[in-house]
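**Q** quick one, structure for this:
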Amino acid sequence: MTTQAAADEAHEILAPSSAFAAFAASTRYEDIPAAVLERARIHILDGLGLALASTTFPFAGPTLAAMAELSGGGGSTIIGSTATAAPRDAAIANGVLIHGLDYDDTHLQAIVHPTCAVLPTVLALAEQHGLSGREALTAFCIGMEIAVRIGAAVNGGFHHTGFHATGVIAHFSSAVAAGRLLGNDAAQHVSALGIAASTASGIQVFLEEGAWTKRLHPGWAAAGGITAAMLARHGFKGPSRALEGRFGLFETHLHDHIADVKAQFLTEGLGETWMMADTALKPYPVCHFIHGCADAALALREEIGGAQIEAVEIRLPEDTLKIVAEPIQQKRNVTNEYEAKFSAPFVVASVLLKGRFGLPDLTDEALADQAVHALARKCDCRADPQSLFPTYFSGGVLVRLQDGRTLERHVPINRGAGERQMTLDEVTEKFRENASLAIASERAAAIRAAVLSIAQHPFAQLTQTLRTVG
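**A** As a prediction, the model looks like this:
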């Protein structure tokens with residue numbers, strides 16, 4: 001086969017840009033299954049609760065101050081604030097708030113946080129253009145689906161090459177969601193995807209020191225996606241093969257891992273099979289890779305009772321070790337809350353000692369708990385031979401006690417995923433706990449009601465409930 005023939009065949013197999021564009025332009029609200037729409041509302045509710053909670057954390061103040069100075073005013077809502085900003089700046093702020101606690105959803109196969117990759121864009125543009133809740137919900141579902149499919153196709157490759165997958169993928173999902181809300185046609189969607197390819201990035205160097213940059217990635221992607229969609233709407237030409245072309249996203253970002261791309265996930269069943277409905281919600285505010293072993297630690301705690309722990313072995317999916325278990329000395333000795341979120345030893349030690357892991361376990365006082373640090377230093381991590389990754393973020397914990405006993409638990413399906421998916425009632429409780437950090441229960445109830453009835457009202461009915469704190 002000639003080089004050109006091979007290229008033509010690859011183009012035939014990998015032609016997602018035009019397929020995504022047709023999907024975004026043609027999908028109607030009525031085409032989306034009721035169960036998918038229900039999951040979408042649940043994920044929006046979860047994301048808004050997280051954003052409200054984020055307003056009480058240190059990273060929120062600098063973010064909002066910077067956006068206020070950059071924007072110079074504007075009419076778009078910033079969640080949990082009386083301040084408003086220009087749409088792109090509000091989208092940046094809301095992206096930081098939704099993703100800032102690392103408590104937001106993850107599609108496990110795609111290893112992407114789809115709500116924060118789409119919702120900031122939808123909030124900004126649906127409000128600005130006075131759209132209906134149905135239009136907003138449709139764009140949200142379309143963007144979520146595209147984010148998940150790109151993530152599933154790259155098969156973990158972005159993480160292997162040092163990129164934060166959501167930081168990269170959200171540029172494309174945001175561009176398509178924005179284009180849908182602006183009324184772009186299929187050709188304009190193709191150009192927007194091509195333009196987004198030139199802004200898509202997000203490196204994982206934040207892991208070295210617990211820096212705040214990961215929080216910025218989905219908001220920056222929202223601004224990039226909105227810009228791409230608007231440029232395309234006005235005739236700006238973008239490349240037509242943003243993902244699969246020579247020097248496209250796959251080649252430039254995946255390097256040797258381009259061979260692992262699973263092209264079928266990009267377009268197979270698009271518009272019929274909604275992969276986004278399988279997105280998992282988080283019961284713990286930590287990296288999703290840790291959830292299986294956190295579940296295992298929780299199951300072991302009662303059996304341990306008050307016995308003294310001599311050593312802990314944490315079992316994780318092999319591909320996740322470099323994110324949450326390496327370098328092991330750093331992971332055993334966290335110094336700030338962001339390091340703690342990505343430390344399997346710290347999280348497992350906290351769960352074994354306290355029987356929980358929530359936002360209160362990331363406060364300065366909790367991070368200074370010497371009992372947790374002492375137990376974290378007794379933790380080792382290794383690859384889990386029983387892992388079901390990437391379908392689920394399985395995990396296990398083996399504890400050796402000073403009385404000679406060895407106790408072990410393995411969790412194949414982490415809580416919040418698959419058959420253990422969180423229900424509306426469970427997400428409502430999580431939403432109330434998070435929202436209560438920032439607003440009164442009456443306003444939280446109003447937000448929940450507006451989300452659940454989003455398809456029956458103008459989208460502004462929801463954004464109005466998000467503005468006032470108190």
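
**Q** C-alpha coordinates for the one helix or strand His43 maps to, CSV please?
**A** Per DSSP states H and E: His43 is located in helix 34-54. What follows is helix 34-54, C-alpha atoms only, in CSV (Å, rounded to 0.1, in the frame of the first residue of the first chain):
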residue,chain,number,x,y,z
ALA,A,34,-35.1,10.6,28.4
ALA,A,35,-32.6,8.7,30.6
VAL,A,36,-29.7,10.7,29.1
LEU,A,37,-31.5,14.0,29.7
GLU,A,38,-32.1,12.8,33.3
ARG,A,39,-28.4,12.1,33.8
ALA,A,40,-27.5,15.5,32.3
ARG,A,41,-29.7,17.3,34.8
ILE,A,42,-28.0,15.3,37.6
HIS,A,43,-24.6,16.2,36.4
ILE,A,44,-25.4,19.9,36.1
LEU,A,45,-26.8,19.9,39.7
ASP,A,46,-23.6,18.2,40.9
GLY,A,47,-21.4,20.7,39.0
LEU,A,48,-23.2,23.7,40.4
GLY,A,49,-23.0,22.5,44.0
LEU,A,50,-19.2,22.1,43.5
ALA,A,51,-18.9,25.6,42.1
LEU,A,52,-20.7,27.0,45.1
ALA,A,53,-18.5,25.1,47.5
SER,A,54,-15.4,26.4,45.6
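
**Q** closest to the centroid, which residue in this structure?
**A** His113 (1.7 Å; CA atoms, centre = their mean).

**Q** re the thing from before, and the helix or strand just after the helix holding His43 with helix 34-54, angle?
**A** Using DSSP H and E, the helix or strand that follows helix 34-54 in sequence is helix 60-71. Calculated by axes from the mean of the first three to the mean of the last three CA atoms, to 10 degrees, helix 60-71 forms an angle of 100 degrees with helix 34-54.

**Q** where do the strands sit along this structure?
**A** 76-77, 84-85, 309-316, 379-383, 395-401, 406-411 (DSSP state E).

**Q** so for Leu466, which of these sits nearest?
**A** Among those, the nearest to Leu466 by CB to CB is strand 76-77 (5.4 Å). For glycine as for every other residue, the C-beta is placed from the backbone atoms N, C-alpha and C.

**Q** what lines up beside the closest one in the sheet?
**A** Using DSSP bridges, strand 76-77 pairs in its sheet with strand 84-85 (antiparallel).

**Q** circling back: just put the strands of the chain in CSV and tack on mean pLDDT, mean neighbour count and distance to Leu249.
**A** As requested, the strands of the chain are exported to CSV (pLDDT from 0 to 100; neighbours: other CB atoms under 10 Å; distance: least, CB to CB, whole Å):
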stretch, mean pLDDT, mean neighbour count, distance to Leu249
strand 76-77, 96, 24, 29
strand 84-85, 94, 22, 29
strand 309-316, 98, 21, 28
strand 379-383, 98, 18, 29
strand 395-401, 98, 23, 31
strand 406-411, 97, 18, 34
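
**Q** how about those strands in JSON lines, adding distance to Pro285?
**A** Listed next are the strands of the chain as JSON lines, based on distance: least, CB to CB, whole Å:
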{"stretch": "strand 76-77", "distance to Pro285": "24"}
{"stretch": "strand 84-85", "distance to Pro285": "26"}
{"stretch": "strand 309-316", "distance to Pro285": "18"}
{"stretch": "strand 379-383", "distance to Pro285": "19"}
{"stretch": "strand 395-401", "distance to Pro285": "17"}
{"stretch": "strand 406-411", "distance to Pro285": "18"}
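
**Q** out of those, which gets nearest to Arg180?
**A** strand 76-77 (17.7 Å).

**Q** just how off-centre is the helix holding His43 within its chain?
**A** Offset of helix 34-54 from its chain centre (CA atoms, centre = their mean, to the nearest Å): 12 Å.

**Q** likewise for stretch 218-227?
**A** Centre to centre, stretch against its chain (CA atoms, centre = their mean), the figure for stretch 218-227 is 15 Å.

**Q** how about low-confidence regions in this structure?
**A** 1-14, 468-470 (pLDDT under 70).

**Q** give the contact list for the residue of it most remote from its centre.
**A** Residue farthest from the centre of the chain, counting by CA atoms, centre = their mean, is Asp403 at 42.0 Å. Residues in contact with Asp403 (CB atoms under 8 Å, 6 or more residues apart in numbering) are 307-308.

**Q** for it, give its distance to Glu310.
**A** 9 Å (CB to CB, to the nearest Å).

**Q** one more: Arg41?
**A** From Arg41 over to Glu310 (counting by CB to CB), the distance is 47 Å.

**Q** chain neighbours aside, what residue packs nearest to Val348?
**A** Ala297 (4.7 Å; CB to CB, 6 or more residues apart in numbering).

**Q** just to revisit the earlier point, the strands of the chain: which one's closest to Ala446?
**A** Going by CB to CB, the one of the strands of the chain nearest Ala446 is strand 76-77, 14.3 Å.

**Q** now Gly418. Nearest residue, chain neighbours left out?
**A** That would be Tyr392: by CB to CB, 6+ apart, it lies 6.0 Å from Gly418.

**Q** show me what contacts that neighbour?
**A** Per CB under 8 Å, 6+ apart, neighbours of Tyr392: 108, 292, 412-414, 417-418.

**Q** type out the PyMOL command that picks the buried ones from the residues you listed.
**A** Restricted to buried positions by 16 or more other CB atoms under 10 Å, the PyMOL selection for these reads:
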select buried, resi 108+292+412+413+414+417
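
**Q** show me where the stretch 51-200 of the chain has its helices.
**A** In the stretch 51-200 of the chain, the segments counted as helices under DSSP state H, counting those that start in this stretch are 60-71, 87-99, 119-128, 133-154, 157-160, 165-182, 186-196.
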